[in-house]
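>>> The sequence and its predicted three-dimensional model are supplied below.
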Amino acid sequence: MPVAQLAAASTLLHRTIRNRRGELLGRVADLVMDVPHGSIAYALVAGHGPCREPDKLFVIPWSSFTIPAGEDSTFILDLEPEVFEHGPGLSAETSLAAAG
């Protein structure tokens with residue numbers, strides 16, 4: 001079954017993100033649009049794990065994600081879970097203007 005090439009942005013929110021080993025990394029909390037080009041630039045990812053800080057978001061380039069064929073609820077990201085536990089992230093209150 002081919003992967004859909006078009007999707008409503010709302011259907012991409014809250015999708016599960018796993019690495020290639022199937023380890024849960026987090027979920028898509030929001031999307032950042034490149035308005036002049038009409039495309040998604042980044043996903044704001046809420047990390048998952050026992051050590052993650054609440055309301056900490058990670059800005060991940062949209063091009064870093066893959067969608068397995070036939071899958072409609074999970075994205076694959078080639079990262080280790082520790083990135084979301086110990087890596088720099090944004091507070092949920094931080095504005096994109098201040099982060100970018």
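The structure has been received and is ready for your questions.
>>> CA atoms for contacts and neighbours, from now on please.
OK.
>>> Can you list the residue ranges for strands in the protein?
Taking DSSP state E, the strands of the chain run over residues 16-18, 24-34, 39-47, 56-61, 65-66, 74-77, 90-91.
>>> Tell me which residues are up against the first one.
The one in question is strand 16-18. Leu24, Leu25, Gly26, Arg27, Val28, Ser73, Thr74, Phe75, Ile76, Leu77 (C-alpha atoms under 8 Å, 6 or more residues apart in numbering).
>>> Nearest to His48 among these?
Ranked by distance to His48 (C-alpha to C-alpha), the contacts of strand 16-18 are led by Gly26 at 4.4 Å.
>>> That closest one pairs with what?
Counting by DSSP bridges, Gly26 forms beta bridges with Ile17, Gly47.
>>> Now do the contacts for it.
Contact analysis of Gly26 by C-alpha under 8 Å, 6+ apart lists Thr16, Ile17, Arg18, Val45, Ala46, Gly47, His48, Gly49.
>>> what about the residue nearest to Trp62 when sequence neighbours are not counted, distance to Arg21?
Leaving out its chain neighbours, the residue that sits closest to Trp62 by C-alpha to C-alpha, 6 or more residues apart in numbering is Tyr42, at 4.6 Å. Using C-alpha to C-alpha, to the nearest Å, we find Tyr42 at a distance of 23 Å from Arg21.
>>> neighbour-wise, which of these two wins?
Neighbour count, other C-alpha atoms under 10 Å: between Tyr42 and Arg21, Tyr42 has more, with 19 against 10.
>>> How much space separates the more buried one from Ile60?
Distance, Tyr42 to Ile60, by C-alpha to C-alpha: 5 Å.
>>> now Thr74
Per C-alpha to C-alpha, Thr74 is found 15 Å from Ile60.
>>> and what of Arg21?
Relative to Ile60, and taking C-alpha to C-alpha, Arg21 is found at 19 Å.
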